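1. Take a look and give me a structure for this.
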Amino acid sequence: MAETGVAGLAPTAAGSTAPRWNVLPIVELVLLALAAALPLALPDYLTVFATRVTILALFALSFDLVWGYAGIMSFGQALFFGAAGYGVALLGRDLNISAVLLLLPAGVLIGLAFALLLGGFLLLGRHPTSMIFVALGTLTGSYAADRLARGWYYLGGQNGIPSIPPMTLGSYEFEEGPVFYYFALALLVLVYLLCRFLVRSQFGLALAGLRENETRIAFFGYKTQHLKAIVFAIGGAIAGLAGSLYAVHEGFVWPNMVGVVISTQVVLYVLFGGSGTLIGAVIGTVIIEGVSFWLSDNYRDIWPIILGVLLLLVILFRPLGLISFVLSERERVGSFGVRSRKSSHEKVGHGAS
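-> Purely as a prediction, here's the structure:
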């Protein structure tokens, strides 16, 4: 009798093997199809809201990459998000730059630069740093940036920077609506695919080991602090892209964009959806923002309490997030490397008696 199968194969009654469907690609394709059809069924004001949620999902990806895969608790992820937003706002206000091919790369570079500076300080010391030290360090950075933005007249103080010019591509202006939504969705899909490729690569395998047992990974010869700094910088660049896109979509920036409120908000997105899956960050963002929108419209006085209780229940009873309802633990971790057909048949043969 065949006792066990191999990865991706399930034993049948006749002792042969049959392919076992992976759930993750199905979930991804279904969500992509729903997202692509969304503007066709929504009024204009909800399409604008959906665009905002799409951009926040891009922001959540940056945090899930840093925390869900590398185990770095960045409680100041909004620092990179908001710094890029302020950067593109200043480019539009002072230099009258609105070209998408300049603004978005500038936002990515700003997020990357801030992440390199903060990550170099927190992660590249002589001795490895603890999770608590990094969490408090990033939180302090976000709080300091919030206070700086509120007190600096050049950045608009408490009022922020309003009237950011619309983003342009040649003579075309990106206005709120379906076109902006599909543009944001295309960027989200592109970054998602790049992150998926990254976490399924050899680098992603090292990150997974870093999250589970940093000491053992260091014993294998990996420079764990350098790995952390690299993924921290990549997360900052993605957050910068999301922040610049958010700023031009909303038309203004304000101190809360760099503060601890949004930093905490993105942690809840990932916790609620499921960390270390990428798609969980997207699902968590969509559900929390959608439920918040509906509750605030129907229960204006008590909606934060209802939302808080809902989040608490999910975190208590499904600590792996909502995605754990459909994804097994094995699929959450993923498969690394390519197993040849020949070796698979050999393993099946050895497993049969």
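
2. Contacts only, for T215.
-> Counting by CB atoms under 8 Å, 6 or more residues apart in numbering, T215 makes contact with nothing. (Each C-beta comes from the backbone N, C-alpha and C, glycine too.)

3. If you count neighbours, what's buried in the strand or helix carrying it?
-> Following DSSP states H and E, one finds T215 within helix 214-219. Using 16 or more other CB atoms under 10 Å as the test for burial, helix 214-219 gives 214, 217-218.

4. For it, output the C-alpha coordinates as PDB.
-> Presented in PDB, the C-alpha positions along helix 214-219 are these (Å, rounded to 0.1, in the frame of the first residue of the first chain):
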ATOM      1  CA  GLU A 214      17.700  33.500  13.100                       C
ATOM      2  CA  THR A 215      20.500  31.800  15.000                       C
ATOM      3  CA  ARG A 216      20.500  28.700  12.800                       C
ATOM      4  CA  ILE A 217      20.500  30.800   9.600                       C
ATOM      5  CA  ALA A 218      23.500  32.700  10.900                       C
ATOM      6  CA  PHE A 219      25.200  29.400  11.600                       C
END
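
5. got the buried residues for whichever helix or strand comes after it?
-> Later in the chain than helix 214-219, the nearest helix or strand by DSSP H and E is helix 224-250. Neighbour counts over helix 224-250 (16+ other CB under 10 Å) mark 224-225, 227-250 as buried.

6. residue ranges of the strands in the stretch 101-250 of the chain, please?
-> Taking DSSP state E, counting those that start in this stretch, the strands of the stretch 101-250 of the chain run over residues 168-169, 172-173.

7. Distance to N256 and mean neighbour count added to the ones you listed, as JSON lines?
-> Below are those laid out as JSON lines (distance: least, CB to CB, whole Å; neighbours: other CB atoms under 10 Å):
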{"stretch": "strand 168-169", "distance to N256": "27", "mean neighbour count": "14"}
{"stretch": "strand 172-173", "distance to N256": "26", "mean neighbour count": "12"}
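
8. These: which one's closest to W67?
-> strand 168-169 (33.9 Å; CB to CB).

9. How far does that closest one sit from its chain's centre?
-> Here the centre of strand 168-169 is set off from its chain's centre by 26 Å, with CA atoms, centre = their mean, to the nearest Å.

10. try stretch 103-118
-> 16 Å.

11. Show me which positions of that stretch end up buried.
-> 103-104, 106-116, 118.

12. For it, list the C-alpha coordinates in PDB.
-> The C-alpha trace of stretch 103-118 is given here as PDB (Å, rounded to 0.1, in the frame of the first residue of the first chain):
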ATOM      1  CA  LEU A 103       6.400  61.200  -9.600                       C
ATOM      2  CA  LEU A 104       6.100  57.500  -8.900                       C
ATOM      3  CA  PRO A 105       9.800  56.700  -9.300                       C
ATOM      4  CA  ALA A 106      10.600  59.700  -7.000                       C
ATOM      5  CA  GLY A 107       8.200  58.200  -4.400                       C
ATOM      6  CA  VAL A 108       9.900  54.800  -4.600                       C
ATOM      7  CA  LEU A 109      13.300  56.400  -4.200                       C
ATOM      8  CA  ILE A 110      12.100  58.500  -1.200                       C
ATOM      9  CA  GLY A 111      10.700  55.400   0.500                       C
ATOM     10  CA  LEU A 112      13.800  53.500  -0.300                       C
ATOM     11  CA  ALA A 113      16.100  56.200   1.000                       C
ATOM     12  CA  PHE A 114      14.200  56.600   4.300                       C
ATOM     13  CA  ALA A 115      14.100  52.800   4.800                       C
ATOM     14  CA  LEU A 116      17.900  52.600   4.100                       C
ATOM     15  CA  LEU A 117      18.600  55.300   6.700                       C
ATOM     16  CA  LEU A 118      16.400  53.900   9.400                       C
END
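
13. ok, and what's touching that stretch?
-> Under the contact criterion CB under 8 Å, 6+ apart, stretch 103-118 has outside partners 76, 79-81, 83-85, 87-88, 91-92, 97, 137-138, 141, 167, 229, 232-233, 235-241, 243-245, 247-248.

14. what does stretch 23-36 give?
-> With CB under 8 Å, 6+ apart, stretch 23-36 has contacts from 54, 185, 189, 277, 279, 282-283, 323, 326-328, 331.

15. Narrow those to those in helices?
-> Of the contacts of stretch 23-36, the ones assigned to helices by DSSP state H are 54, 185, 189, 279, 282-283, 331.

16. Now for this structure, the helix or strand with the poorest mean pLDDT.
-> One helix or strand of the chain scores below all others by mean pLDDT, DSSP states H and E: strand 17-19, with a mean of 41.

17. Moving C-terminal from that one, which element do we reach first?
-> Next element after strand 17-19 (DSSP H and E): helix 23-41.

18. can you tell me the average pLDDT over that next one?
-> Here helix 23-41 scores 90 as its mean pLDDT.

19. Report the buried residues of it.
-> 24, 27-28, 35, 38-39.

20. Tell me the gap between it and the middle of its chain.
-> Relative to its chain's centre, helix 23-41 lies at 18 Å (CA atoms, centre = their mean).

21. start the count at 16, not 1, going forward
-> Let's use 16 as the start, then, which means that last one is helix 38-56.

22. pull the CA atoms of that helix into PDB?
-> C-alpha atoms of helix 38-56 as PDB (Å, rounded to 0.1, in the frame of the first residue of the first chain):
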ATOM      1  CA  VAL A  38      -5.900  26.800  -3.300                       C
ATOM      2  CA  LEU A  39      -3.700  29.900  -3.400                       C
ATOM      3  CA  PRO A  40      -3.700  30.500  -7.200                       C
ATOM      4  CA  ILE A  41      -7.500  30.000  -7.300                       C
ATOM      5  CA  VAL A  42      -8.000  32.600  -4.600                       C
ATOM      6  CA  GLU A  43      -5.700  35.000  -6.400                       C
ATOM      7  CA  LEU A  44      -7.400  34.600  -9.800                       C
ATOM      8  CA  VAL A  45     -10.900  34.900  -8.200                       C
ATOM      9  CA  LEU A  46      -9.900  38.100  -6.400                       C
ATOM     10  CA  LEU A  47      -8.300  39.500  -9.600                       C
ATOM     11  CA  ALA A  48     -11.400  38.800 -11.600                       C
ATOM     12  CA  LEU A  49     -13.600  40.500  -9.000                       C
ATOM     13  CA  ALA A  50     -11.300  43.500  -8.800                       C
ATOM     14  CA  ALA A  51     -11.200  43.800 -12.600                       C
ATOM     15  CA  ALA A  52     -15.000  43.800 -12.900                       C
ATOM     16  CA  LEU A  53     -15.600  46.100  -9.900                       C
ATOM     17  CA  PRO A  54     -15.900  49.500 -11.600                       C
ATOM     18  CA  LEU A  55     -18.600  48.000 -14.000                       C
ATOM     19  CA  ALA A  56     -20.900  47.400 -11.000                       C
END
